[in-house]
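Visitor: How does the following fold in three dimensions:
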Amino acid sequence: MEGFGIIMAAILIISPEPWSVLFVSKHHYALGLADIGHDVIFYGPPEKVAEPYLERVCSDNGTLQILHSGKVIYGARFLPSLLRRFFERRWLRQIETLFGKEIDVIWNFENSRFYDFEFAGKRLKIYHQVALNQDFNPGIAAATADLSIAISEPIEKRLSPIATNLLRITHGYAPSKDIENKTINFDDEFSKSRVNAVLTGNFDIPYLDLKLVNQLVCNFPDVRFHFVGDYSPDKDLHTNLEAKDNVIFWGRQPSESLPLFFRHANILLVVYLANAHREQLANPHKIMEYLASGKCVLATYTMEYDGREDLIEMASNRDEFIKKFLNIVRCPSAWNSPELMSYRQNFANSNSYPRQIERIADALGERGHLLSSRIFHDE
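Guide: Next comes the predicted model:
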């Protein structure tokens, strides 16, 4: 009789961001690892709790639990390294007792906490840097990890002189279930204009090119602009544009709803102060999500997609951006043909989180078996 099974690993993911409605790479890796059968603990920023506890959020194949825990010890960064590692090691044993098993893999997206992987002993140690400005102790993290991962060329250059084993890999793509958002009538909201442009993200960040956004809205009154994400009502973007007839602010939306916005859009926008923050903005996570929709993407300069005119339209300055925007909105169907949409979607699918996990496993060599989905047959 033949059967099959999955060898599961226990994986602790340490994230600078909490488990919330807005998922980014840390959350998707946690979900992806659980989906292929691993037991995953996701630990975000420290919380004010009397004792650590686990909250289960997923158990389809493996398990995914959120760890609610306070700080290991206050003032840890001021302690001698031997003493800091002692407290972190003691905390880790406490979490393993709570979890009911020993943790096999520490996967850290942080370099302000647990950055010295010596505390983890012989466990597999992965340091994953997704933002250049996460710049507290990247050197120690890269030097003490079994594998360091960089999602852009600037991060790779920073880590390469230090890391013992370095992998450059782009953001992943998480296919989402086709979930209907019954609170929004998309057909009504997107039928008010022949052309709809969508921009997602946090609209309070300092990297947004407010001048260019204002020019687009004012120069193209027949295009409806949809801003999907967090914003402050008293900040410049909202105060300048809220009264415009061709603008709608949607606020934060659940991650699973974003593909619905993309599906109804004609053009997806990335509008940053790219020249002033070129390295920090080398690889925004949203571009992979945009490409997964198949729709046309117009972006300010984005280093990781330089030379990839087959995937996105890119402009090096405001004038060029406006000219390209004009060309696209004149005939958006030409930029969203079935062939072009399929090509973009295939690129995103080639970078799905299961595929990224396998690439990471390959980079680990013999120890990579701890991460693979390793489905095997028993005779």
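Visitor: Quick one: residues contacting the residue lying closest to S193 once chain neighbours are set aside.
Guide: Among residues not flanking S193 along the chain, R224 sits closest, at 3.7 Å (CB to CB, 6 or more residues apart in numbering). Every residue, glycine included, has its C-beta placed from N, CA and C. Counting by CB atoms under 8 Å, 6 or more residues apart in numbering, R224 makes contact with F190, K192, S193, V195, N196, A197, N246, V247, I248.
Visitor: Verify the contact between the last one and F186 for me.
Guide: No - I248 is beyond contact range of F186, at 11.7 Å (criterion: CB atoms under 8 Å).
Visitor: what's the single longest helix in this protein?
Guide: Secondary structure of the chain per DSSP state H: the longest helix is helix 81-99.
Visitor: just checking, what packs against that helix?
Guide: Secondary-structure packing of helix 81-99 (3 or more CB pairs under 8 Å, 6 or more residues apart in numbering; DSSP states H and E): strand 10-14, strand 39-43, strand 53-58.
Visitor: just the angle between the first one and helix 81-99, please?
Guide: Comparing the axes of strand 10-14 and helix 81-99 via axes from the mean of the first three to the mean of the last three CA atoms, to 10 degrees yields an angle of 130 degrees.
Visitor: helices or strands up against strand 10-14?
Guide: Checking 3+ CB pairs under 8 Å, 6+ apart, strand 10-14 ends up next to helix 25-35, strand 39-43, helix 81-99, strand 105-108.
Visitor: partners of that strand, with directions?
Guide: Partners of strand 10-14 in the sheet, by DSSP bridges, are strand 39-43 (parallel), strand 105-108 (parallel).
Visitor: pLDDT averaged over the first one, what's the number?
Guide: Right, strand 39-43. If you average the pLDDT over strand 39-43, you get 97.
Visitor: on that earlier part again, out of the helices and strands packed on helix 81-99, which gets nearest to R123?
Guide: Comparing those by their distance to R123 (CB to CB), the top pick is strand 10-14, with 8.6 Å.
Visitor: mean confidence for that closest one?
Guide: The model assigns strand 10-14 a mean pLDDT of 97.
Visitor: Repeat that for stretch 300-317.
Guide: For stretch 300-317, mean pLDDT is 97.
Visitor: how far does that stretch sit from the chain's center?
Guide: Remark: stretch 300-317 is offset 19 Å from the chain centroid, using CA atoms, centre = their mean, to the nearest Å.
Visitor: got it, and stretch 151-171?
Guide: Computed by CA atoms, centre = their mean, the chain-centroid distance of stretch 151-171 equals 17 Å.
Visitor: got it, and stretch 241-256?
Guide: 21 Å.
Visitor: That stretch: which residues count as buried?
Guide: For stretch 241-256, a neighbour-count test (16 or more other CB atoms under 10 Å) marks L241, N246, V247, I248, F249, W250, Q253, S255, E256 as buried.
Visitor: How about stretch 339-354?
Guide: The neighbour-count check on stretch 339-354 (16+ other CB under 10 Å) flags L340, M341, R344, Q345, F347, A348, N351, S352, Y353, P354 as buried.
Visitor: Which single one of those is nearest to P46?
Guide: When the buried residues of stretch 339-354 are compared against P46 (criterion: CB to CB), the nearest one is Y353, at 26.2 Å.
Visitor: Could you export stretch 269-287 as PDB, CA atoms only?
Guide: Output in PDB follows, covering the C-alpha atoms of stretch 269-287 (Å, rounded to 0.1, in the frame of the first residue of the first chain):
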ATOM      1  CA  LEU A 269       0.800  53.200 -10.000                       C
ATOM      2  CA  VAL A 270       4.100  53.400  -8.100                       C
ATOM      3  CA  VAL A 271       4.700  57.100  -7.400                       C
ATOM      4  CA  TYR A 272       7.800  57.700  -5.200                       C
ATOM      5  CA  LEU A 273      10.600  60.200  -4.700                       C
ATOM      6  CA  ALA A 274      12.800  57.700  -6.400                       C
ATOM      7  CA  ASN A 275      15.800  59.900  -7.200                       C
ATOM      8  CA  ALA A 276      16.100  61.000  -3.500                       C
ATOM      9  CA  HIS A 277      15.600  57.500  -2.100                       C
ATOM     10  CA  ARG A 278      16.800  55.200  -4.900                       C
ATOM     11  CA  GLU A 279      18.300  52.500  -2.800                       C
ATOM     12  CA  GLN A 280      15.600  52.300  -0.200                       C
ATOM     13  CA  LEU A 281      12.900  52.100  -3.000                       C
ATOM     14  CA  ALA A 282      14.800  49.500  -5.000                       C
ATOM     15  CA  ASN A 283      12.200  46.800  -4.800                       C
ATOM     16  CA  PRO A 284       8.700  47.800  -3.400                       C
ATOM     17  CA  HIS A 285       6.700  44.700  -2.400                       C
ATOM     18  CA  LYS A 286       3.600  46.100  -4.100                       C
ATOM     19  CA  ILE A 287       5.000  45.700  -7.600                       C
END
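Visitor: re earlier: redo the strands paired with strand 10-14 as JSON lines? Include distance to A276 and mean neighbour count.
Guide: JSON lines is the format used below for the strands paired with strand 10-14 (distance: least, CB to CB, whole Å; neighbours: other CB atoms under 10 Å):
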{"stretch": "strand 39-43", "distance to A276": "34", "mean neighbour count": "24"}
{"stretch": "strand 105-108", "distance to A276": "29", "mean neighbour count": "23"}
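Visitor: Now distance to H128 too, for those, in CSV please.
Guide: Formatted as CSV, the strands paired with strand 10-14 follow (distance: least, CB to CB, whole Å):
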stretch, distance to H128
strand 39-43, 13
strand 105-108, 6
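Visitor: before we move on, back to that, what pLDDT, on average, does the longest helix of the chain get?
Guide: Helix 81-99 comes out at a mean pLDDT of 97.
Visitor: which residues are contacting it?
Guide: The contact list for helix 81-99 (CB under 8 Å, 6+ apart) reads 10, 12, 39, 41, 52-54, 65, 67, 69, 72-73, 76-77, 79, 102-103, 114, 116, 118-121.
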